[in-house]
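Student: sequence and predicted structure below; questions after.
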Amino acid sequence: MRLIHSADWQLGERFVQFGPKADALREARQKTLATALQKAREMEVDAFLIAGDLFADAQVDDAVIRAALDAFAAVPELCVFILPGNHDPYSGPGCVWERRLFQQKPARVTVISQPAVYEVADGFLIASPLQQKVSTVDPSHKFSALARDLPTDRIRVGITHGALAIPTKHQPNDFPIALDAATRAGLDYVAVGHWHNGQIYDSGRLVMSGTPEPDDFGQTASGNIVLVEIPRRGAEPVLTDLHVASLQWCELEFELVDFESARKSALAKLRELNANAASTVLRIRMRGSISPTALEEFKRELESTLQPFAAWLLQDDTRAAFTAAELAELQGKHPLLGQTIADLAQFEHLACGTPPPIESDVISLGEAQRLLADARIELTKLDPEFFRLAHQLLSQKLQELSR
């Protein structure tokens, strides 16, 4: 038996954090599905499995469904099995699978609405779909009963969706699947979906394929579909990752201690990535101390350089830094905010040993201790992370005022 195992396409994902660039990310997922289906057709596999979450949710637009059905229709000879997952469970009237569009789905596309067994090549596909969004029950428990009366000499493949039951790695109500689910049910392979990074357990018989098109940063084991080849009943599956992703997601981090050096480094790195800009999603994290004016100028320059990229996010973890003249000007325009910044710098100096603030008219140690005592806060409990977040909030406020 030769199969393609995929999962977690989540077509119709909204990507609201990317604003107008979200359209390109949604289109990439549709493009990748079409690419994967064509690859499966060329390889003449016995079936193309989607182990849950073909759609992002039950509210996806009809246009998203129509595009997926068009992709399936373009490979009419390919046998496709779609298992509802926790994002798109088969929950009866109102679920995405009950839309009128599915009445015209291609003949060789099967939506698995109930636990069932299907004959595929020289064996069987044993399916346990999800019919709700959360559950504490392991959906793979159904495999044993479904397979009980099947011929013992033919290949058995299971398909389901849920979290792998790894201590501290899953929520109790997230369909926890035992790590020996294949061996426990006497199956040659179990195709699982849910987590977006690929995972392999049970001596290669239990596989989480990962999302074929990354949808977040840090998904280093994603972007693939899995070719599964099972020579005969009881043989070890041969697994081959096939890369199909249209986009790559990258993170860059710049410490703005030496601003001019950081600026040159950032622009040089973006020039290096520019050759693949149209297929790259970026998150740029900025840290360190920088004046609000310089920060705004840096952001404008970055955004101009980032235009060719598929999408991007600027994550501002900087803190505002002021010269004496800048702080005096700020206190003249916004006295309360200026004094707050000076006092915060003094608290940080007293709690963390950072350099004292430039402003001389700041709160004394005795006054700081009295205020903290009134608020039932210990000075020693104020750590660098607290001040980092406080400075970040103040920087955001300053940027609002400067616009």
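Tutor: Done, it's in.

Student: chain center to stretch 180-188: distance?
Tutor: Mean-position distance between stretch 180-188 and its chain equals 29 Å (CA atoms, centre = their mean, to the nearest Å).

Student: quick one: buried residues of that stretch?
Tutor: By neighbour count on 16 or more other CB atoms under 10 Å, the buried set for stretch 180-188 is 180-182, 184-188. C-betas here are computed from N, CA, C, even on glycine.

Student: same deal with stretch 379-388?
Tutor: 382, 387.

Student: about what we covered before: of all the buried residues of stretch 180-188, which comes closest to residue 159?
Tutor: Set against residue 159, the nearest of the buried residues of stretch 180-188 by CB to CB is residue 187 (10.0 Å).

Student: quick one: mean pLDDT for the one helix or strand residue 317 maps to?
Tutor: Per DSSP states H and E, residue 317 falls inside strand 311-320. Averaged across strand 311-320, pLDDT comes to 87.

Student: go on, stretch 81-99?
Tutor: Computed over stretch 81-99, the mean pLDDT rounds to 95.

Student: pull the CA atoms of it into PDB?
Tutor: C-alpha atoms of stretch 81-99 as PDB (Å, rounded to 0.1, in the frame of the first residue of the first chain):
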ATOM      1  CA  PHE A  81     -10.100  10.500   2.100                       C
ATOM      2  CA  ILE A  82     -11.000  13.600   4.300                       C
ATOM      3  CA  LEU A  83     -11.200  13.100   8.000                       C
ATOM      4  CA  PRO A  84     -12.900  15.900  10.000                       C
ATOM      5  CA  GLY A  85     -10.700  17.200  12.800                       C
ATOM      6  CA  ASN A  86     -11.200  19.400  15.800                       C
ATOM      7  CA  HIS A  87     -11.300  22.600  13.700                       C
ATOM      8  CA  ASP A  88     -13.800  21.200  11.300                       C
ATOM      9  CA  PRO A  89     -15.600  18.400  13.200                       C
ATOM     10  CA  TYR A  90     -18.500  16.500  11.600                       C
ATOM     11  CA  SER A  91     -21.100  17.800  14.100                       C
ATOM     12  CA  GLY A  92     -24.300  17.500  12.100                       C
ATOM     13  CA  PRO A  93     -26.400  20.200  10.600                       C
ATOM     14  CA  GLY A  94     -24.500  23.500  10.300                       C
ATOM     15  CA  CYS A  95     -21.100  21.900  10.100                       C
ATOM     16  CA  VAL A  96     -18.900  22.700   7.100                       C
ATOM     17  CA  TRP A  97     -19.400  19.200   5.600                       C
ATOM     18  CA  GLU A  98     -23.200  19.700   5.400                       C
ATOM     19  CA  ARG A  99     -22.800  22.700   3.000                       C
END
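
Student: now it, how far from the centre of its chain.
Tutor: Centroid separation between stretch 81-99 and its chain, computed with CA atoms, centre = their mean, is 21 Å.

Student: buried residues, it. List them.
Tutor: 81-91, 95-98.

Student: so which of these is the closest to residue 391?
Tutor: Each of the buried residues of stretch 81-99 was scored against residue 391 by CB to CB, and residue 87 proved nearest at 37.7 Å.

Student: with adjacent residues omitted, what lies nearest to that closest one?
Tutor: Nearest-residue entry for residue 87: residue 53, 4.4 Å, with adjacent residues in sequence omitted and distances by CB to CB, 6 or more residues apart in numbering.

Student: residues contacting the one you found?
Tutor: Going by CB atoms under 8 Å, 6 or more residues apart in numbering, residue 53 touches 7-10, 85-88, 161, 193-194.

Student: max-length helix in this structure?
Tutor: What stands out as the longest helix in the chain, according to DSSP state H, is helix 22-43.

Student: for it, buried residues please.
Tutor: Result for helix 22-43 [16+ other CB under 10 Å]: buried residues 24-26, 28-37, 39-41.

Student: show me what it is packed against.
Tutor: Using 3 or more CB pairs under 8 Å, 6 or more residues apart in numbering; DSSP states H and E as the contact test, the elements touching helix 22-43 are strand 2-6, strand 47-51, helix 62-73, strand 224-229, strand 311-320.

Student: can I get the CA coordinates of that helix in CSV?
Tutor: Provided in CSV are the C-alpha atoms of helix 22-43 (Å, rounded to 0.1, in the frame of the first residue of the first chain):
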residue,chain,number,x,y,z
ALA,A,22,-3.3,37.9,4.8
ASP,A,23,-4.8,37.3,1.4
ALA,A,24,-1.5,36.1,0.0
LEU,A,25,-1.0,33.6,2.9
ARG,A,26,-4.5,32.2,2.4
GLU,A,27,-3.8,31.8,-1.3
ALA,A,28,-0.5,30.0,-0.6
ARG,A,29,-2.4,27.3,1.3
GLN,A,30,-4.7,26.7,-1.6
LYS,A,31,-1.7,26.6,-4.0
THR,A,32,0.1,24.1,-1.8
LEU,A,33,-2.9,21.8,-1.7
ALA,A,34,-3.1,21.7,-5.5
THR,A,35,0.7,21.1,-5.7
ALA,A,36,0.5,18.2,-3.2
LEU,A,37,-2.5,16.6,-5.0
GLN,A,38,-0.7,16.7,-8.3
LYS,A,39,2.4,15.2,-6.8
ALA,A,40,0.3,12.4,-5.4
ARG,A,41,-1.2,11.8,-8.8
GLU,A,42,2.2,11.6,-10.5
MET,A,43,3.4,9.1,-7.9
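
Student: if anything else comes up later, I'll come back, but that's it for now.
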